[in-house]
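1. Show me the folded form of this:
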Amino acid sequence: MSQATFSTHEVFNQSPPFEDVDLYVADRPLVDAVAANGGAATEGELSDFGKHWGSAAMAERGRIANENTPKLRTFDARGNRRDEVEFHPAYHELMAHSAHAGVHNSTWTAEGKPAGGASEVVRAAKFYMAAQVETGHLCPITMTRASVAALAEQPDLLEKVMPVLGTRSYDPAFAPWWTKRGMTLGMGMTEKQGGTDVRSNMTRAERDGSAYRITGHKWFMSAPMCDAFLVLAQAEQGLTCFFMPRFTPDGSVNAIRFQRLKDKLGNRSNASSEVEFHGAHAERVGAEGKGVRTIIQMVQLTRQDCAIASAGLMRSGLAHALHHARHRSVFQKHLADQPLMQAVLSDMALHVEATVALVMRLCRSFDRAPDAKEAAYMRLLTPAIKYWVCKSAPGFLYEAMECLGGNGYVEEGILARHYRESPVNAIWEGSGNVMCLDVLRALSREPEAASNIVHELTGETLGLPGAGEATAFIGKSFHRPDSERVARLAVEKLALLAAAAALNAVSPHHAELFAATRLGGNHGGMYGAVDLDSGDIRGLLERALP
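-> Take a look at the predicted model:
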């Protein structure tokens, strides 16, 4: 008796892959925000980057790098201690493409000075697009870029490092940094007993001639295959920042002993480690006892990148949801033509519009930091923007997944990975409460400058629904004796006001819609719980993805 044979049914009513697109040109809010913040002349460069990172080949590299996670190789076959981390070639390819585009160093000159112009805005646009494809590899990229700000506290060391760090080459070889074509830097601050309270660090540093020997541990040290790390340790004069290379000056492997790699919820392509230092060689960066002040220069930049990456993740979620809805039919109509789905997608698009405008405005303040007013904006708004943007991402990406139904929930698609990736930017480089405390600290240290920034935002949002009430609430809340108790609400209002102001400079009509739904009334707890007219819905969705 013959066996019955079955062929796979025909597949239809499914969206094609969202790939081989120009991630820049297809994103009108990004194009407009870059132009509004000084980057209009780089449209060709950014479009080339967008085409490359929007290709099917780059999407495949991102998938493979996350499915083949890094492995710690503590010893070689003969029992020699090596402490190497092995990555899939796809990860190295992602790193090479980011380095080639200068995502790790283009905001600095060859001497390690700020590049000026619109370098922060242009680099942020690239970082934002790369985050839509694969976010894990951006951890060492952002730390390398940010490390220059801390190394500037030690000019002789910066002068030695910049000829290697300043190249647009990626060199994954496990070799002394001064022998390589390019280098990356990581960071180690967190200890088991300390966490955010880095001043409780117990790692010790003892002088060894002009250098130091460091003994202790770090509970989190990211990107362990970086060529050097900035670490905090207790020296004679107090907590101090140090430059710790993987190899000592004589070319031997430094006494950096990795205990294990973290098994993380997301960020799977990137290795994060627990580590012990056994008299590891290091050089001081900045003055003894000034470690927090030194490394905070780096942290300010990594916080900026957390916000940019979260914005990129949300943009990708929106693009995939809208793309799917335009191809998927239900009840004899495309999903994108169903009124309820339109309400959800347009509300999400409005959120991304404001977010992109806000992070690019923040990057402009980094570009123009020599100006006292812009520097004050940067100091006050960086923690507020990181707070709001990064904490918005997980809920937003869940909503994007739901737009795809079951297809959004499976690991074959990118949205499940984005969703798992999204919490990390709110947790790393200062959690939500820490960001709110940093805003309060900035207000107490520079009350006049902070007051001027809020006054500027008031002028930039004049006439927008709810802006006046938001300004009054912010002023009242930050001057209460118990301001810490209401800090989350006040910081969120500050970020929303800044977002409305930033969007007003890019697209005034959409700033009015954003203010009306976020400041002027009670925005529903779910996306789509708004009442936008059909013309605004069409306009938002067309701008989001032509």
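2. Ranking helices and strands of the chain by mean pLDDT, which lands last?
-> strand 329-330 (a mean of 87; mean pLDDT, DSSP states H and E).
3. next structured bit after the one helix or strand Q259 maps to?
-> Here Q259 sits within strand 256-261, counting by DSSP states H and E. Scanning forward in sequence from strand 256-261 by DSSP H and E, the next helix or strand is strand 272-285.
4. the inter-axis angle of whichever helix or strand comes after that next one versus strand 272-285?
-> Later in the chain than strand 272-285, the nearest helix or strand by DSSP H and E is helix 291-327. Counting by axes from the mean of the first three to the mean of the last three C-alpha atoms, to 10 degrees, helix 291-327 lies at 140 degrees to strand 272-285.
5. in helix 291-327, what counts as buried?
-> Residues of helix 291-327 classed as buried by neighbour count (16 or more other C-beta atoms under 10 Å): 291-292, 294-295, 297-325. C-betas here are computed from N, CA, C, even on glycine.
6. Likewise for stretch 13-31?
-> Going by 16+ other C-beta under 10 Å, stretch 13-31 has these buried residues: F18, V21, D22, L23, Y24, V25, A26, D27, R28, P29, L30, V31.
7. Also stretch 329-342?
-> Quick answer for stretch 329-342 (16+ other C-beta under 10 Å): L335, A336, Q338, M341, Q342.
8. again, but for stretch 136-148
-> 136-148.
9. Would you point out the most distant pair within the residues you listed?
-> G136 and V148 (22.0 Å; C-beta to C-beta).
10. ok so, going back, packing partners for the strand holding Q259?
-> When contacts are defined as 3 or more C-beta pairs under 8 Å, 6 or more residues apart in numbering; DSSP states H and E, strand 256-261 packs onto strand 71-75, strand 81-86, strand 272-285.
11. now what about that strand, what contacts it?
-> With contacts defined as C-beta atoms under 8 Å, 6 or more residues apart in numbering, strand 256-261 is touched by 70-72, 74, 81, 83, 85, 224, 229, 244, 246, 271-278, 280.
12. quick one: it to strand 272-285, angle?
-> Using the same axes, to 10 degrees: strand 256-261 against strand 272-285 is 150 degrees.
13. okay, the angle between strand 256-261 and strand 71-75?
-> Using the same axes, to 10 degrees: strand 256-261 against strand 71-75 is 140 degrees.
14. how far out from the middle of the chain is strand 256-261?
-> Relative to its parent chain, strand 256-261 has a centroid offset of 25 Å by C-alpha atoms, centre = their mean, to the nearest Å.
15. how close does R207 sit to E153?
-> 19 Å (C-beta to C-beta, to the nearest Å).
16. Which one's more surrounded, those two?
-> E153 (19 against 12; other C-beta atoms under 10 Å).
17. quick one: contacts for the closest residue to that one other than its chain neighbours?
-> Once flanking residues are discounted, E153 sits nearest to G286: 3.6 Å by C-beta to C-beta, 6 or more residues apart in numbering. Listed by C-beta under 8 Å, 6+ apart, the contact set of G286 reads A150, E153, Q154, T240, C241, R293, T294.
18. before we move on, back to that, return the subset of the buried residues of stretch 136-148 lying in helices.
-> L138, C139, P140, I141, T142, M143, T144, R145, A146, S147, V148 (DSSP state H).
19. I'd guessed the last one sits against T109; true?
-> So that's V148. No - contact between V148 and T109 fails when scored by C-beta atoms under 8 Å: they sit 9.8 Å apart.
20. tally of neighbours for L541?
-> 20.
21. go on, K113?
-> Neighbours around K113, by other C-beta under 10 Å: 12.
22. buried stuff in stretch 237-254?
-> Buried residues in stretch 237-254 (16+ other C-beta under 10 Å): L239, T240, C241, F242, F243, M244, P245, R246, F247, N254.
23. could you pull out the strands for this structure?
-> 71-75, 81-86, 185-188, 204-208, 211-222, 228-235, 238-245, 256-261, 272-285, 329-330, 333-334 (DSSP state E).
24. ok now the first one, how far from the chain's centre?
-> Between the mean C-alpha location of strand 71-75 and the chain-wide mean there is a distance of 28 Å, by C-alpha atoms, centre = their mean.
25. Name the strands paired with that strand and say parallel or antiparallel.
-> Strand pairing for strand 71-75, using DSSP bridges, gives strand 81-86 (antiparallel).
26. can you list the residues that contact the strand it pairs with?
-> 70-76, 174, 224-225, 253, 256-258, 261, 271, 273.
27. how about 6 Å then?
-> P70, K71, L72, R73, F75, D76, F174, P224, M225, F258, A271 (C-beta atoms under 6 Å, 6 or more residues apart in numbering).
28. Now do that strand, average pLDDT.
-> For strand 81-86, mean pLDDT rounds to 94.
29. Least confident of the strands of the chain, on average?
-> strand 329-330 - the lowest mean pLDDT of the strands of the chain, at a mean of 87.
30. Pull up the pairing partners for that one, direction included.
-> Assessed with DSSP bridges, strand 329-330 is paired to strand 333-334 (antiparallel).
31. Out of the strands of the chain, which is the most enclosed?
-> strand 185-188 (a mean of 27; mean count of other C-beta atoms under 10 Å).
32. circling back to that earlier point, out of the buried residues of stretch 329-342, who's nearest S431?
-> Among the buried residues of stretch 329-342, and counting by C-beta to C-beta, the member closest to S431 is M341, at 34.0 Å.
33. unless I'm mixing things up, the closest one is touching L335, no?
-> Yes - if you go by C-beta atoms under 6 Å, M341 and L335 touch, sitting 5.0 Å apart.
34. Common neighbours of these two, please.
-> Common neighbours of M341 and L335 (C-beta under 6 Å, 6+ apart) are A325.
35. Quick one: closest of the helices and strands packed on strand 256-261 to A35.
-> strand 272-285 (36.7 Å).
36. Quick check: which helices or strands does that closest one pack against?
-> strand 211-222, strand 238-245, strand 256-261 (3 or more C-beta pairs under 6 Å, 6 or more residues apart in numbering; DSSP states H and E).
37. now the shortest one and strand 211-222, what's the angle there?
-> This means strand 256-261. 10 degrees.
38. neighbouring strands for strand 256-261, and are they parallel or not?
-> strand 272-285 (antiparallel).
39. how far out from the middle of the chain is the strand it pairs with?
-> With C-alpha atoms, centre = their mean as the basis, the mean position of strand 272-285 lies at 25 Å from the chain mean.
40. now do stretch 416-435
-> 9 Å.
41. I'd like the average pLDDT over that stretch.
-> Rounded mean pLDDT across stretch 416-435 is 96.
42. So what would you say the end-to-end distance of that stretch is?
-> 27 Å (C-alpha to C-alpha, to the nearest Å).
43. on that earlier part again, for K373, which of the helices and strands packed on strand 272-285 is the nearest?
-> strand 238-245 (29.0 Å).
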